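# output the structure for:
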Amino acid sequence: NESIIHAGTVNQIHVELVWIHSEDITEQNVEEIISSLDGILVAPGFGERGIEGKITAIKYVREHKIPFFGICLGMQCAVIEFARNVLGFKDANSTEMNPGTTNPVIDLLEAQKKVTKKGGTMRLGSYPCNVAEGTKAWEIYKQKEINERHRHRYEFNNEYLQDFEKAGMIASGINPEGGLVEIVEIKDHPWFVGVQFHPEYKSTVANPHPLFVNFVKTAIEVGK
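The predicted structure follows:
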C-alpha cells in the first residue's frame, strides 16, 4: 500500500487503490470486477485460500493487456496461470497447494524437501539477482546486479524454464548463486512482471522502489 503511494508521488498522481478479495473472483464475474482498473497487483501470501481467484484475475489481465505486478505468491500464481492456459499443463500448480500435481511448476528445492522443521526451509533475507539486458526488468533497474529481500519457501521449477521461455514468459532475473528464477515477465505485454522477492520492503518515501514507480507509470499511460 505505502509503496504504491510512494510511486504515485513520483508520478505526480494520486493512486486510487481498490482492494479485491480474490475469493470473490470467478470466471463469470472477473470482467465486471477488473475491466475498469488500470493495473492489477497480486500481493504476497501463503496457502491455498483465494488462489483460483488470483489465477483467474491474472488470466484476464494477461489476455487483455492490463498492467500486472505479481509479488512472491503473486508471481507464483502468474507462473501457474501461464502453465495452465498457455503451455496447456491443465493441472499445473505449486506443490504448496497440490502436492500431487503432475506439473509442479512451483516447488520446494530438493535440498529443502529434506528439512522437517518448516522455518529451516524459508529463503529469508537479502539475495543477489542478475538482471538480463534487453528486458523490462533491465529497463526498470538500469543495472545488472541488484539485491532484494526474500521471505518464501517455494521456487520456480527450473525443469520447466525452457517451455516457458519458448512460449513467451522469460526469466529476466536470476539468482547467480543457485540459478533460481527471481523475475519473470511476458514480452508481448505492456507490463507483466512477477518477482519472487519483496520489493515493498525496500521502498521508502525518499527512495521509492523502481518496480512500483514503473508499474504505476505504465498503468497511467495504458489507462489514458
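# tell me where this protein is predicted with low confidence.
Applying pLDDT under 70 to the chain flags the ranges 109-125, 224.
# show me where it has strands.
With DSSP state E as the criterion, the chain has strands at 40-42, 68-71, 93-94, 104-107, 123-131, 145-152, 155-156, 169-174, 181-186, 192-195.
# partner strands of the fourth one and their direction?
By that I understand strand 104-107. strand 93-94 (parallel), strand 155-156 (antiparallel) (DSSP bridges).
# to the chain's geometric centre, what's the distance from the first one?
Chain-centre distance of strand 93-94: 14 Å, with Cα atoms, centre = their mean, to the nearest Å.
# please apply the same query to stretch 45-65.
Centroid separation between stretch 45-65 and its chain, computed with Cα atoms, centre = their mean, is 11 Å.
# pull out the buried residues from it.
Neighbour-count burial for stretch 45-65, counted by 16 or more other Cβ atoms under 10 Å, picks out 45, 50-62. In short, each C-beta sits where N, CA and C put it, glycine included.
# quick one on the thing from earlier: and the strands of the chain as a markdown table, adding mean neighbour count and distance to residue 205?
Formatted as a markdown table, the strands of the chain follow (neighbours: other Cβ atoms under 10 Å; distance: least, Cβ to Cβ, whole Å):
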| stretch | mean neighbour count | distance to residue 205 |
| --- | --- | --- |
| strand 40-42 | 23 | 19 |
| strand 68-71 | 26 | 20 |
| strand 93-94 | 24 | 34 |
| strand 104-107 | 24 | 33 |
| strand 123-131 | 16 | 21 |
| strand 145-152 | 16 | 18 |
| strand 155-156 | 22 | 32 |
| strand 169-174 | 23 | 25 |
| strand 181-186 | 25 | 25 |
| strand 192-195 | 26 | 21 |
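# to residue 216, which of the strands paired with strand 104-107 lies closest?
The closest of the strands paired with strand 104-107 to residue 216 is strand 155-156. By Cβ to Cβ, the value is 25.6 Å.
# and the contacts of that closest one?
Contacting residues not belonging to strand 155-156 are listed as 76, 79, 105-109, 123, 171, 180-181, 184, 196 [Cβ atoms under 8 Å, 6 or more residues apart in numbering].
# who's in contact with residue 223?
38-39.
# do you know how far it is from residue 2?
Going from residue 223 to residue 2 by Cβ to Cβ, to the nearest Å gives 22 Å.
# likewise residue 51?
Taken as Cβ to Cβ, the span from residue 51 to residue 2 is 25 Å.
# got it, and residue 199?
12 Å.
# so those two - more neighbours on which side?
With neighbours defined as other Cβ atoms under 10 Å, residue 199 and residue 2 compare such that residue 199 has more, 19 against 12.
# okay, how far is it across stretch 8-27, tip to tip?
31 Å (Cα to Cα, to the nearest Å).
# so which bits of it are buried?
For stretch 8-27, using 16+ other Cβ under 10 Å, the buried residues are 8, 11, 15, 20, 22, 25.
# excluding residues flanking it in the chain, which one is nearest the third one?
Read it as residue 15. residue 8 (3.9 Å; Cβ to Cβ, 6 or more residues apart in numbering).
# enumerate every residue touching the one you found.
For residue 8, counting by Cβ under 8 Å, 6+ apart, the contacting residues are 14-15, 216.
# now do the closest residue to residue 164 other than its chain neighbours against residue 59, distance only.
Nearest residue to residue 164, sequence neighbours excluded (Cβ to Cβ, 6+ apart): residue 82, at 6.7 Å. Distance check for residue 82 against residue 59: by Cβ to Cβ, it reads 9 Å.
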